[in-house]
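Asks: Quick one: sequence and predicted model below, then my questions.
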Amino acid sequence: MFLSRTESRPSDALNYRSPVWTPGGHLQTIWPALFSHSHRKGSRPTYRRERLCAPDGDFVDADWLDRGPVGLAPSRPLLVLFHGLEGCSTSHYALAFADYAAELGWDYVVPHFRGCSGELNHAPRAYHSGDYEEVYWIIRRLVHGRQGPVYAVGVSLGGNALLRWAQEMGHDAEKYVTAVAAISAPLNLAASGAHIDTGLNRMLYVRNFLRTMKPRATQKHMQFPGLFDLHAVNAAETLHAFDNAFTAPLHGFKGTADYWHRASSVHHMKRIKAPTLVMNAQNDPFIPAWSLPNTQQVSPSVQLFQPRSGGHVGFARGRPPGHLRGLPDMVATWFKHGI
């Protein structure tokens with residue numbers, strides 16, 4: 001049973017303090033992604049891929065945790081994870097959740113946003129931070145026939161898109177999921193976009209994102225010449241410029257400002273009716289702390305967890321090199337106990 005926010009109580013599940021050997025938001029973001037253990041010693045989690053047919057005739061690839069001889073069971077809890085920008089089922093956080101789901105005996109699946117599964121998609125679209133319609137049909141397809149509880153987790157971009165889905169669905173969200181969690185979601189895209197596009201953030205993160213986003217845009221232009229200005233895409237050195245040249249025109253937005261405003265979940269937090277955890281570290285280098293909502297800006301169904309440290313999708317624990325089990329442990333414990 002889930003508790004309302006006014007009834008909620010402190011819990012070890014929602015306590016986090018970064019290790020002393022990872023000072024600062026940048027190290028707490030980069031080190032876990034590159035070096036911390038995402039799964040237990042031994043074999044890495046393996047997946048079984050399922051191709052889902054999209055309503056427009058395109059496809060989305062969903063990677064299910066391979067349960068071996070046990071297989072999938074509709075009566076088991078199901079954990080659905082929506083990945084972040086340029087993420088996939090082998091991202092460090094996805095593997096950490098896969099390992100934890102295996103330990104709990106839950107079924108687990110990572111649906112890939114279009115273009116992120118390793119194969120170019122067919123339709124003249126990609127994915128974006130507010131793609132709640134995409135989230136809707138994916139969830140509806142994945143939970144069909146399930147009898148056990150369904151928990152939906154969104155990470156970074158996937159977290160914002162998942163929150164937008166919960167906002168649009170209102171009470172109907174609980175027809176599909178038991179609870180929702182958003183981790184390091186850029187709730188205010190304009191604030192986050194301006195923050196990551198400047199200074200050290202731009203050098204460390206934006207260049208890395210554009211390194212894969214530009215080639216995928218080029219492939220999409222080869223499929224559909226004239227769909228957008230490829231020269232402007234290749235000239236982009238910020239996420240604002242890339243979104244203005246590629247993401248916005250592909251998905252019906254007037255430009256970056258229109259896209260970031262309409263896709264931001266921060267404007268609709270009171271519309272969420274399903275039990276929801278929104279987790280953001282205050283030192284996240286992608287997201288300025290001032291842009292995070294307070295309890296007066298969200299519905300009673302939303303629990304905010306804003307620890308001082310953790311970085312962006314970091315939250316490592318233990319001795320060097322650390323491990324990532326603290327992140328799924330916090331989220332899964334909240335799911336199980338409704339705190």
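Replies: Received it, and whenever you're ready, just let me know what you need. Numbers count the residues shown, from 1 in each chain.
Asks: Using the three-state scheme, assign residue 335.
Replies: Classification of residue 335 by DSSP: H, G, I helix; E, B strand; the rest coil places it in helix.
Asks: domain assignment for the chain?
Replies: 5-187+264-337, 189-262 (automatic domain parsing).
Asks: and the shortest one, how far from the chain's centre?
Replies: Domain 189-262 has its C-alpha centroid displaced from the chain centroid by 18 Å (CA atoms, centre = their mean, to the nearest Å).
Asks: Just the endpoints, please. Distance across it?
Replies: For domain 189-262, the first-to-last residue distance is 9 Å (CA to CA, to the nearest Å).
Asks: Just the element for the closest residue to residue 160 other than its chain neighbours, please.
Replies: Using CB to CB, 6 or more residues apart in numbering and skipping the chain neighbours, the partner closest in space to residue 160 is residue 185 (4.4 Å). For every residue, glycine as well, the C-beta is placed using N, CA and C. Using DSSP states H and E, residue 185 maps to neither a helix nor a strand.
Asks: quick one, what contacts residue 185?
Replies: Residues near residue 185 by CB atoms under 8 Å, 6 or more residues apart in numbering: 154, 155, 156, 157, 158, 159, 160, 162, 163, 265, 278, 280.
Asks: will you turn those residues into a markdown table that also has neighbour count and pLDDT?
Replies: Output for the contacts of residue 185, formatted as a markdown table (neighbours: other CB atoms under 10 Å; pLDDT from 0 to 100):
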| residue | neighbour count | pLDDT |
| --- | --- | --- |
| 154 | 28 | 98 |
| 155 | 28 | 98 |
| 156 | 27 | 98 |
| 157 | 25 | 98 |
| 158 | 28 | 98 |
| 159 | 29 | 98 |
| 160 | 30 | 98 |
| 162 | 30 | 98 |
| 163 | 30 | 98 |
| 265 | 29 | 98 |
| 278 | 26 | 98 |
| 280 | 25 | 98 |
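Asks: Okay, and which of those residues map to helices?
Replies: If you go by DSSP state H, these have 157, 158, 159, 160, 162, 163 in helices.
Asks: Am I right that the third one is in contact with residue 82?
Replies: Yes - counting by CB atoms under 8 Å, residue 159 sits close enough to residue 82 to count as a contact (7.3 Å).
Asks: tell me, what's touching those two both at once?
Replies: residue 153.
Asks: Tell me how many other residues crowd residue 127.
Replies: Residue 127: 24 surrounding residues under other CB atoms under 10 Å.
Asks: tell me the SS of the closest residue to it other than its chain neighbours?
Replies: Using CB to CB, 6+ apart and skipping residues adjacent in sequence, the residue nearest residue 127 is residue 113, 3.6 Å away. When classified by three-state DSSP, residue 113 comes out as coil.
Asks: roughly how far apart are residue 113 and residue 128?
Replies: 9 Å (CB to CB, to the nearest Å).
Asks: re the thing from before, ok, of the ones in helices among the contacts of residue 185, which one's closest to residue 143?
Replies: residue 162 (13.6 Å; CB to CB).
Asks: Good, wrapping up.
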